[in-house]
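Colleague: Predicted model and sequence follow; I will ask about them next.
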Amino acid sequence: MTRQRISSGSTFEALAGYSRAVVDGDWVFVSGTTGFDYASHTIAADAAAQTRQAFVNLSAALAQAGCTLDDVVRVRYYLTEAALFERLAPLFGEYFGHARPAATAVVCGLVDPRMHVEIEVTARKPRDPSVFESLRPPGPTVT
């Protein structure tokens, strides 16, 4: 099985020796992702704006792996203050309302004092539904 490494283009990935995401079989592991705008190398001061940008960054990494946020099965939120959870939880629900992955929130320090949130996800590639057609028993489909 081939392992695919995905990069955001950030020079920090090479410096620290990691990939934005790694695809291993059907599984996609996306590294902790912050609200940095990789195009402008800037980060908003507001935690909600950082969260929205983090989801843009996560979506881009997942897309390179053939996935979307709807394919996420596990998410970890790293917050610099416990009080942020109540404020950011509605945003989490906005992005994960359909997938509803298993989730953990941790309050901790982050490597850059400008960061308020970091999000790490695990996704599973969508399966080709035609693979399951041969397994379906004959007869009417129950919905």
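Modeller: Looks like it came in fine.

Colleague: Could you verify that Ala48 is part of a helix?
Modeller: Yes. Residue state for Ala48 (DSSP: H, G, I helix; E, B strand; the rest coil) corresponds to a helix.

Colleague: how near is it to Gly97?
Modeller: The spacing between Ala48 and Gly97, counted by Cβ to Cβ, to the nearest Å, is 17 Å. C-beta here means a position set from N, CA and C on the backbone, and glycine is covered the same way.

Colleague: Which one's more surrounded, the two?
Modeller: When Ala48 is set against Gly97 and neighbours are counted by other Cβ atoms under 10 Å, the residue ahead is Ala48, at 16 against 11.

Colleague: Contacts only, for that one.
Modeller: If you count contacts by Cβ atoms under 8 Å, 6 or more residues apart in numbering, Ala48 has them with 87-88, 91.

Colleague: Just the buried subset of these, please.
Modeller: 88, 91 (16 or more other Cβ atoms under 10 Å).

Colleague: tell me which of the contacts of Ala48 is nearest to Ala39?
Modeller: Closest approach between these and Ala39, by Cβ to Cβ: Leu91, at 21.3 Å.

Colleague: helix/strand/coil for that closest one?
Modeller: Taken by three-state DSSP, the conformation at Leu91 corresponds to helix.

Colleague: List the contacts of the nearest residue to it once chain neighbours are set aside.
Modeller: In space, Leu91 comes closest to Thr51 once its chain neighbours are excluded; the distance is 5.0 Å by Cβ to Cβ, 6 or more residues apart in numbering. Applying Cβ under 8 Å, 6+ apart to Thr51 gives the contacts 35, 88, 91-92, 117, 119.

Colleague: hmm, which two among these are most spread apart?
Modeller: The widest separation within the contacts of Thr51 (Cβ to Cβ) is 13.7 Å, between Gly35 and Phe92.
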